[in-house]
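Colleague: here is the input, now give the coordinates:
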Amino acid sequence: MAEKLQAIKGMNDILPPDSARWEWFEDVVRRLLQRYGYKAFRTPIVEPTALFVRGLGEVTDIVEKEMYSFTDSMNGDQLTLRPEATAGMVRAIVEHNALYNGPLRVWQMGPMFRHERPQKGRYRQFHQLDVEAFGHAGPDVDAEIILMLRALWRELGLKEGEQITLEINSLGQPAERLAHRAALISHLEAHAALLDDDARRRLHSNPLRILDTKNPAMAPVVDSAPRLIDFLGEASRAHFDGVRAVLDAAGLAYRINPRLVRGMDYYNLTVFEWVTPLLGSQATVCGGGRYDTLIEQLGGKPAPGVGFGLGIERLLLLLEAAGLNPPPSAPDAYAVVAEGVPLTTVMPLLEQLRAAGVAVVLHAGGGSLKSQFKRADASGARHALIFGPDELARGEVAIKSLRDAAAPQRTAALSAALSWARDLLPA
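Modeller: This is a model prediction of the structure:
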């Protein structure tokens, strides 16, 4: 017997019935984003390694420890499986001069790859919804994107403030961050004995990320550190106030978290996270913010950007924890075919029904009528279409309700399928 192969650790198969939950979520997302004017975007899952080193920052966790990078054996190119989506989308915007005709709102869903310890809600191949707005400089689009996420939670049935809450902050502009960085380094150096190894390593390369530590022993140092929000200039503060004003007017509650940073170096001004108390340590469901220098950093003409990434696996875990399930997906009808009935009669009729919008499952492989009805009932279909020799001799098909035992079985003419097809659809 050949050796049984298994999926790579941390990279999971998605099979029915779980795949139905994914399709439901994806359908909700597509409808919502269309209402806000966002258009679909697709980029490769493999990009030049330099894209992420330049875009994310050399001393970020992603670049230092998590990227799946390799040398293309055919030509020696240095390549990486994308660990996040924004850098690739910006690369495509620059390469195709996509802002030539003005601002652009786009989105994509797909797999990302990070080599980290697999655990519930955190995988080596994970899937992300990524939404970006390019070319908009004001706080209005920042606020719109955050409100769009609130609309998504409501579509999915999540209760904001109870099952999911918003945290916001401002990272200001580069000069403001430099002033804060100097004060932060001085503070951390004064408490060097309390820093862990990771914090010491980051102290002079990326001290802002130290504020995002999950080490409880460092909480007193972090809590007493200088706050970036206190270093904001007038323009940065006005931008932040503009975002808050729209959220306030829309009745969206939030918490200003002065320690909130993001894992990539490219963010400035507005940053935000939606967090939940229902998933333990995996509290962050969605995060994003503004990145006004990234397009120029990756070789394009200066243009602002703002967006977010949402981990689909983690969101589906949240929905499960909240007791929220997609509406059941079932066919409208199940075709039960008696032994000896020619498929040359059955199949053309089923194709007519499907063309009319009726979802019909054909029982394939034969079997007794009893076993076929058992499968029909298990499918969740509302109706059974019974193709028996007596019915076919009369040019008819029998229709039996599988969900209403009191409903009488009836017959319908094969030649008039389009006239009764609508009767098989849900009311």
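Colleague: which residues touch stretch 220-235?
Modeller: With contact meaning C-beta atoms under 8 Å, 6 or more residues apart in numbering, stretch 220-235 is reached by 169-173, 175-177, 179-180, 183-184, 187-188, 191, 194-195, 208, 210-211, 213, 240, 256, 258-259. The way it works is simple: take the backbone N, C-alpha and C, and place the C-beta from them, glycine included.
Colleague: take the residues you listed and keep only those in helices.
Modeller: Ala175, Glu176, Arg177, Ala179, His180, Ala183, Leu184, His187, Leu188, Phe240 (DSSP state H).
Colleague: show me what the host helix or strand of Leu349 is packed up against.
Modeller: Using DSSP states H and E, Leu349 sits within helix 343-355. Using 3 or more C-beta pairs under 8 Å, 6 or more residues apart in numbering; DSSP states H and E, the elements in contact with helix 343-355 are strand 333-337, strand 360-362, helix 417-420.
Colleague: now do 10 Å
Modeller: strand 333-337, strand 360-362, strand 383-387, strand 396-401, helix 417-420 (3 or more C-beta pairs under 10 Å, 6 or more residues apart in numbering; DSSP states H and E).
Colleague: isn't Asn367 up against Val337?
Modeller: No Asn there; residue 367 is Gly. Yes. At 9.3 Å, Gly367 and Val337 qualify as touching, with contact defined as C-beta atoms under 10 Å.
Colleague: more neighbours: those two, which one.
Modeller: More crowded of Gly367 and Val337, by other C-beta atoms under 10 Å: Val337, with 22 against 14.
Colleague: gap between the residue nearest to that one when sequence neighbours are not counted and Thr344?
Modeller: What sits nearest to Val337 in space, not counting adjacent residues and going by C-beta to C-beta, 6 or more residues apart in numbering, is Phe387, at 4.8 Å. Distance of Phe387 to Thr344, given as C-beta to C-beta, to the nearest Å: 12 Å.
Colleague: which of those two has more neighbours?
Modeller: Set Phe387 next to Thr344 and count neighbours by other C-beta under 10 Å: Phe387 wins out with 23 against 7.
Colleague: close enough to count as contact, the more buried one and Leu343?
Modeller: Yes. Contact between Phe387 and Leu343 holds when scored by C-beta under 10 Å: they sit 9.2 Å apart.
Colleague: for Glu3, find the nearest of the helices and strands packed on helix 343-355.
Modeller: For Glu3, the closest of these is strand 360-362, at 35.3 Å, according to C-beta to C-beta.
Colleague: give me the mean pLDDT for that closest one.
Modeller: Averaging pLDDT along strand 360-362 gives 96.
Colleague: quick one: it to chain centroid distance?
Modeller: 31 Å (C-alpha atoms, centre = their mean, to the nearest Å).
Colleague: quick check: what element follows it along the chain?
Modeller: Following strand 360-362 in sequence, per DSSP H and E, is helix 369-378.
Colleague: how about residues contacting that following helix?
Modeller: Contacts of helix 369-378 with the rest of the structure, by C-beta atoms under 10 Å, 6 or more residues apart in numbering, involve 331, 333-339, 361, 363, 365-368, 381, 383-386, 388, 400, 402-403.
Colleague: and those, which are buried?
Modeller: The neighbour-count test (16 or more other C-beta atoms under 10 Å) marks 331, 333-338, 361, 363, 381, 383-386, 388, 400, 402 as buried among those.
Colleague: list phi and psi for the residue nearest the centre of the chain.
Modeller: With distances taken as C-alpha atoms, centre = their mean, Leu129 lies nearest the centre of the chain, 3.0 Å away. The phi/psi pair for Leu129 (degrees, to the nearest 10) reads phi -90, psi 130.
Colleague: again with Gly357
Modeller: According to degrees, to the nearest 10, Gly357 has phi 100, psi 10.
Colleague: tell me how many other residues surround it.
Modeller: Gly357: 11 neighbours (other C-beta under 10 Å).
Colleague: next one, pLDDT for it please.
Modeller: Turning to Gly357, the model gives it a pLDDT of 95.
Colleague: helices and strands around the lowest-mean-pLDDT helix or strand in the chain, which ones?
Modeller: Sorting the helices and strands of the chain by mean pLDDT, DSSP states H and E puts helix 61 at the bottom, at a mean of 70. On a contact count with 3+ C-beta pairs under 10 Å, 6+ apart, helix 61 meets no helix or strand.
Colleague: now it, how far from the centre of its chain.
Modeller: Worked out by C-alpha atoms, centre = their mean, helix 61 lies 21 Å from the chain centre.
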